[in-house]
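Asks: Okay, here's the prediction I keep looking at, along with the sequence it came from:
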Amino acid sequence: MRFKALYSNVSESPSDATEQGFFKVRNSQLIYGHKKNADGCIVVDIEAATIIKEIYSMALNGYSTPEICESLVNACYPTPREHIMLSFGNNIKPLCNWNSKNVRDILRKIEYTGALVTGATYKDTETGKCRKTTKDKWHITPDVYPVIISKEDYAEVRAISNNRANIQMKDYLLRRKVFCGGCGSAMSFERSNNFVYSCYRTLADTSASCHRFKVSVAELDDTVLTTIKKQAELIISIDNLGELKKGVVNSNHLTELKKQAEHLSSLRQDNYEKYITRVISKEAYHTQRADINSQLDSINSRIVMYTQAYEISLAKDKAVKNAYGVLDENATPKELVETLIDKIHVYPDNNIEITWKVMGFAVGI
Ligand SMILES: [Zn+2]
């Protein structure tokens, strides 16, 4: 209820408002993510807040602004302006055309951490127009508005975008693949003294095992590439021993089994027709049916077994092919990582756990 008191006392100019501790909130000044409830108090607009959180989460996971835009457009979310118009009852058909500025504005809005910013605009006394001030004129009061984004996440996103201005985020080797083994969240790529992957999720949680956990990018890249090479050598040595050829099922065998199953099904149908047209007796029909069913059961279970074995052999072939690819001098590290690795979990004790994209591309193929 404290918000109501703030804007029921409307003063004339923004500077007066700041000094007296009051500020205006007209409908036109409500920010995306906030709305007024029936009492006129500012509350979180859940629908918009969900989208804002999604945008921050993507930014924290290393997605670029254009990539975030693309995802929002694909999800058909109304743009902030469209959302506000719809919430004021305007009958519009949203186009959902998010642009980079929409996303950047949201990622910069400190108001989402609960802060109130005053003095960001002033009224030009000559023209009577409203103008923006520079950041050093802003007055920021924390913990006024309802919170949508934590202060830690906001700070992290600012750090990421400041880093992004200096380095080519897109080019780093393990982009979007590094996760914290302690809390499971995506680790962010950043520059402190050196480049590091860092866990931001538990920045404020001193009791977490991954509190302030960082790993050197150079060291992790090196470990991962060495592991890939070792795996490739292992797979190739097994392949040379002919181990992988054992139990290989060819697709003809499977096709043959399926044909037999179809044939038995049609026999069963014939049997039934003979019975209802009284060509054979009820007893003969039952005996015949039991015989066909037991053959079908046996074939079907072999089909299931062979299908599984066939898929495994395909995966093994793929692993072998990839293994030779790894040892090919022409393959770039980026290509190898993209082809082979789904995720890497890094634990605070510096153990790593790789989730491979290709089955068999790991110890104990
Ligand atoms: Zn963590």
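Replies: Arrived safely, thanks for sending. Numbering: from 1, shown residues only.
Asks: Residues of the stretch 151-300 of the chain that sit close to the ion?
Replies: Cys180, Gly182, Cys183, Cys199, Thr202, Cys210 (Cβ under 5 Å from the ion). C-beta: built from backbone N, CA, C; applies to glycine.
Asks: Of these, which pair is most distant in space?
Replies: Distances among these were taken as Cβ to Cβ; the most separated pair is Cys180 and Thr202, at 8.0 Å.
Asks: more neighbours, the two?
Replies: Counted by other Cβ atoms under 10 Å, Cys180 and Thr202 do not tie: Cys180 has more neighbours, with 25 against 19.
Asks: Pull the number of nearby residues for the nearest residue to that one once chain neighbours are set aside.
Replies: Spatially, and ignoring its direct neighbours in sequence, Cys180 is nearest to Cys199 (4.1 Å; Cβ to Cβ, 6 or more residues apart in numbering). Here the number of neighbours of Cys199 (other Cβ under 10 Å) works out to 27.
Asks: what are the ranges of the strands in the stretch 1-150 of the chain?
Replies: 34-36, 42-44, 116-118, 121-123, 130-132, 139-141 (DSSP state E, counting those that start in this stretch).
Asks: In terms of secondary structure, what does the fourth one contact?
Replies: Using 3 or more Cβ pairs under 8 Å, 6 or more residues apart in numbering; DSSP states H and E as the contact definition, the elements that strand 121-123 packs against are helix 14-20, strand 130-132.
Asks: Repeat that for the second one.
Replies: Packing partners of strand 42-44 (3+ Cβ pairs under 8 Å, 6+ apart): strand 34-36.
Asks: how close does Gln29 sit to Ile84?
Replies: 11 Å (Cβ to Cβ, to the nearest Å).
Asks: Look at the two and report which has more neighbours.
Replies: Between Gln29 and Ile84, counting by other Cβ under 10 Å, Ile84 is the more crowded of the two (19 against 11).
Asks: contacting residues for the more buried one?
Replies: By Cβ atoms under 8 Å, 6 or more residues apart in numbering, the contact set of Ile84 is Leu30, Tyr32.
Asks: Report the residue spans of the chain with pLDDT below the cut-off.
Replies: 1-26, 28, 136, 163-171, 192-193, 241-250, 359-365 (pLDDT under 70).
Asks: how does it divide into domains?
Replies: Structurally, the chain divides into domains by automatic domain parsing as follows: 2-158, 169-365.
Asks: Just want to check the distance between Glu54 and the ion.
Replies: The spacing between Glu54 and the ion, counted by Cβ to the ion, to the nearest Å, is 20 Å.
Asks: Before I go, just wanted to say thanks for your time.
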